[in-house]
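Engineer: Below are the sequence and a predicted model; questions follow.
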Amino acid sequence: MTRATLGIAMASVMLSFLMMITRRKAIPQVIGFLSMENGLFFAATSATYGMPMVVELGIALDVLVGMLILGVFFFQIREQFDSLDLTASREARRKR
């Protein structure tokens with residue numbers, strides 16, 4: 001069973017690496033990075049039959065990257081509408 005799961009994990013890592021290389025926008029590259037991290041975690045867990053410290057580090061990395069993505073989104077919204085208030089974006093939508 002380990003050999004099959006290790007193959008799936010390595011395929012996931014390679015596909016996510018391909019996604020990171022071929023995409024130009026930042027968000028698909030970050031999604032590729034998260035997929036690669038999850039594939040590496042899956043490979044490590046299947047090869048060693050469980051690693052609790054790796055689980056904690058993987059979750060911490062996912063939360064860190066998620067907060068980074070949210071920060072980029074909030075910065076873009078604030079730059080576009082001069083506010084994070086949703087009423088400004090609704091008013092801009094009505095003006096169209």
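Structural biologist: Nice, I can see it. Since the model is a prediction, treat every value here as computed from it, not as a measurement.
Engineer: Can you get me a residue count around L34?
Structural biologist: Residue neighbour count, defined by other Cβ atoms under 10 Å, stands at 16 for L34. Where you see a C-beta, it was placed from the backbone N, CA and C, and this is true even at glycine.
Engineer: contacting residues around it?
Structural biologist: 16, 62, 65 (Cβ atoms under 8 Å, 6 or more residues apart in numbering).
Engineer: Show the buried residues in the residues you listed.
Structural biologist: Using 16 or more other Cβ atoms under 10 Å as the burial test, the contacts of L34 include S16 as buried.
Engineer: Could you single out the nearest of the contacts of L34 to Q80?
Structural biologist: Nearest to Q80 among the contacts of L34: V65, at 22.7 Å, using Cβ to Cβ.
Engineer: Let me see the mean pLDDT of the lengthiest helix in the chain.
Structural biologist: The longest helix of the chain (DSSP state H) is helix 52-81. When pLDDT is averaged over helix 52-81, the result is 78.
Engineer: Next, the contact list for V30, please.
Structural biologist: Counting by Cβ under 8 Å, 6+ apart, V30 has contacts 65, 68-69.
Engineer: From A9, how far off is it?
Structural biologist: Applying Cβ to Cβ, to the nearest Å, the value for V30 to A9 is 20 Å.
Engineer: hang on, the earlier thing: next, report how far the longest helix of the chain is displaced from the centre of its chain.
Structural biologist: 8 Å (Cα atoms, centre = their mean, to the nearest Å).
Engineer: And for stretch 4-20?
Structural biologist: Distance, stretch centre to chain centre, for stretch 4-20: 15 Å (Cα atoms, centre = their mean).
Engineer: neighbouring contacts of that stretch?
Structural biologist: 28-29, 31-36, 38-40, 42-43, 46-47.
Engineer: try 6 Å
Structural biologist: 29, 32, 35-36, 39-40, 42-43, 46 (Cβ atoms under 6 Å, 6 or more residues apart in numbering).
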